[in-house]
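*Asks:* Curious how this folds, go ahead:
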Amino acid sequence: MNDDPLRIELLRELRALRRSPQPLGIDQIAGSAHLVEVVGNGSVEQAHTTLLDVFDQQRHLGDSDVLTFYASCGLETPGSTLNARLAYLAAAGFVDERTVLRHSNAGANKLSAILRDMSLMYRPLGRINLVQRQDSVACQVSIRLPGHSKYRQPDVYVNGGEKRQELDWALAPDPRDPAWLVAAETFEASLRVTTATERYVPIFSVAVYWLMPVWASWATAMELSDSRLSTVLSVTRNYRAEVALYFDVERDVHK
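*Replies:* Residues are numbered from 1 along each chain as shown. Have a look, this model is predicted:
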């Protein structure tokens, strides 16, 4: 990992953020191409919220090096220059400024590795499962998120209608890894009657809006008893995932 070119670029951009006269914000991150691409999936706003989410997680975990790096970027720390922030932190901690800078450098190094790994592994996960039987479908939406991440309940809409209000989303530790939290909700719905001219209109759809600091990864699984049915999973950049179920009346059911 230490020699990973992408991690090295992330480290370089992280250390450059400390030189900004303003605290860590969207404008400061906008010029960091690798942070925007890797951490924000191309979105400056997403990169910013992800960095703040990692800050909250590390504050809970108590990693002083990473927290010192964030402080040296002006987060919750006064000063319009790096030297002014180092001086403030040194006085607050009764150490010299070189010690603070050493901790900040170590924190930047740790954070570059966290962000590099997060790009693949440390994301909220969502899954939409469908089981179709005759003219109805059972739908389960499950979520999994890091235990110390900020959390907002998903909003679920069926067939483009109103939000399902009865879903509780009771979080519990993941039995496989207590550092993660999981929740799942299941409900049933009837399939819409369709005609040959409506083959591109879904007979069922479920849209999930899950606003999280880090964009979720989504997957789907299905069990369909009718071979004329097909599904499409679509994920958009407004925190929305949708699974739509289509029925082709012209398809041979015996194939």
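
*Asks:* For the stretch 1-150 of the chain, which segments count as helices?
*Replies:* Taking DSSP state H, counting those that start in this stretch to define them, one finds helices in the stretch 1-150 of the chain at 5-17, 26-29, 33-34, 44-61, 64-72, 82-93, 97-118.

*Asks:* Where do the strands of the stretch 101-250 of the chain begin and end?
*Replies:* 125-133, 136-146, 155-158, 172-174, 177-190, 204-209, 217-223, 229-236, 240-247 (DSSP state E, counting those that start in this stretch).

*Asks:* So which of these is nearest residue 56?
*Replies:* With Cβ to Cβ as the measure, strand 136-146 is the member of these nearest residue 56 (10.3 Å). For glycine as for every other residue, the C-beta is placed from the backbone atoms N, C-alpha and C.

*Asks:* which other residues reach the closest one?
*Replies:* With Cβ atoms under 8 Å, 6 or more residues apart in numbering as the test, strand 136-146 has contacts from 57, 122, 124-131, 151, 154, 156, 158, 169, 174, 179-191, 204, 206, 208, 210, 212, 216, 245.

*Asks:* And for stretch 97-110?
*Replies:* Contacts of stretch 97-110 (Cβ under 8 Å, 6+ apart): 11, 14-15, 18, 63-72, 83, 86-87, 89-90, 93.

*Asks:* Any buried residues in that stretch, and which?
*Replies:* Under the neighbour-count criterion of 16 or more other Cβ atoms under 10 Å, stretch 97-110 has 97, 100-101, 103-110 buried.

*Asks:* Buried subset of the contacts of strand 136-146, written for PyMOL?
*Replies:* Per 16+ other Cβ under 10 Å, the buried members of the contacts of strand 136-146 correspond to this PyMOL selection:
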select buried, resi 57+122+124+126+127+128+129+130+131+151+154+156+158+180+181+182+183+185+189+191+204+206+208+210+212+216+245
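
*Asks:* so which of the strands of the stretch 101-250 of the chain gets nearest residue 79?
*Replies:* strand 136-146 (30.8 Å).

*Asks:* That closest one pairs with which strands, and in what direction?
*Replies:* Using DSSP bridges, strand 136-146 pairs in its sheet with strand 125-133 (antiparallel), strand 177-190 (antiparallel).

*Asks:* closest to residue 199 out of these?
*Replies:* With Cβ to Cβ as the measure, strand 125-133 is the member of the strands paired with strand 136-146 nearest residue 199 (16.9 Å).
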